[in-house]
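> the sequence and its predicted three-dimensional model are supplied below.
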Amino acid sequence: MLPSKLRTHHSVYSLPCTSEYLEELVADCLTKAGYTNDWKPNRSHSVSVDITLDEGPTISVKSGIYDPKKKTLTFSGSRLGKHETLDKMIDHVISTKADYYVCVAKADQDWSSIPAKNENKRYYLFVFKSENLPYDVDTWIEKDNGTYSLETIGMNASIRPSMSYQLWTTVDEVLCGYPAKLDIMGI
């Protein structure tokens, strides 16, 4: 179902499907599969939780970059600049997290630098529990440029002041699972 919706997206747009557009496609797929949810087309792009199922978990929908050679997924998260300390930033990430991540990533080698609508495209679908990402470990380090960095088994994360203290995460397949390939043939 999602590949069909992505194919429709690419009949109109050359660029990858991201943010609210991706949220809508995922929410619509869930609804059509019988999982009613609260997603509305109001461009809210809310913090952490994008979709709440009427009978079940919360979901954060992410686009990202997949590196098949390194077997890693990289995606961005909340901007945390309004929180005064690292502890408050991490507390916010933990307290607002969704139950699951649904990540629809692309691998740079699968896309041309200027994609055309009729070009074949490949996405990688990851669905995993947010509890797999250990943001709350005590190994965060502040670097000279003010960036906070976390390196733990299977995951690297950073909070970058140059980007309004946005959280960036790179996670190994050991934590996020092996992706399903979604091939979108040129239209």
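On my side now, so go ahead. Numbers count the residues shown, from 1 in each chain.
> right, and Tyr66 touches Ala105 too?
Yes. In this structure Tyr66 lies within contact range of Ala105 using C-beta atoms under 8 Å: 4.0 Å. For the C-beta atoms, the positions are set from N, CA and C on the backbone; glycine is no exception.
> higher neighbour count, those two?
Between Tyr66 and Ala105, counting by other C-beta atoms under 10 Å, Tyr66 is the more crowded of the two (26 against 23).
> excluding chain neighbours, what is closest to Ile184?
Excluding the flanking residues, the one nearest Ile184 by C-beta to C-beta, 6 or more residues apart in numbering is Lys121, at 4.4 Å.
> contacting residues for the one you found?
Contact analysis of Lys121 by C-beta atoms under 8 Å, 6 or more residues apart in numbering lists Leu6, His10, Pro16, Lys106, Asp110, Trp111, Pro115, Asp183, Ile184, Gly186.
> all the strands of the protein, residue numbers only.
Assigned by DSSP state E, the strands in the chain fall at 51-52, 58-67, 72-79, 100-106, 121-129, 141-142, 148-152, 155-160, 166-172, 180-184.
> what do Tyr66 and Ala105 both touch?
Both Tyr66 and Ala105 are in contact with Leu73, Thr74, Tyr124, Phe126, Pro179, where contact means C-beta under 8 Å, 6+ apart.
> for this protein, which residues score under the pLDDT cut-off?
Counting by pLDDT under 70, the ranges of the chain that qualify are 45-46, 187.
> now do the most centrally placed residue in it against Asn118, distance only.
Centroid-nearest residue in the chain: Lys62, 2.3 Å away (criterion: C-alpha atoms, centre = their mean). Note on Lys62: its distance to Asn118, by C-beta to C-beta, to the nearest Å, is 27 Å.
> likewise for Gly64?
Per C-beta to C-beta, Gly64 is found 24 Å from Asn118.
> out of the two, which sits in the more crowded spot?
Legend: neighbour count by other C-beta under 10 Å for Gly64 and Asn118, higher for Gly64 (22 against 11).
> my read is that the more buried one contacts Leu73, right?
Yes. Using C-beta under 8 Å, Gly64 is in contact with Leu73, at 5.4 Å.
> which neighbours do these two have in common?
Counting by C-beta under 8 Å, 6+ apart, the residues touching both Gly64 and Leu73 are Cys103, Ala105.
> and the residue lying farthest from the centre of the chain, how far from Tyr21?
In the chain, the greatest distance from the average C-alpha position (C-alpha atoms, centre = their mean) is reached by Asp144, at 27.8 Å. For Asp144, the distance to Tyr21 (C-beta to C-beta) stands at 38 Å.
> OK, contacts around the residue nearest to the centre of the chain?
Neighbouring residues of Lys62 by C-beta under 8 Å, 6+ apart: Phe75, Ser76, Gly77, Tyr101, Val102, Cys103, Val104, Ala105.
> filter those residues down to the buried ones.
Phe75, Gly77, Tyr101, Val102, Cys103, Val104, Ala105 (16 or more other C-beta atoms under 10 Å).
> no more questions from me, cheers.
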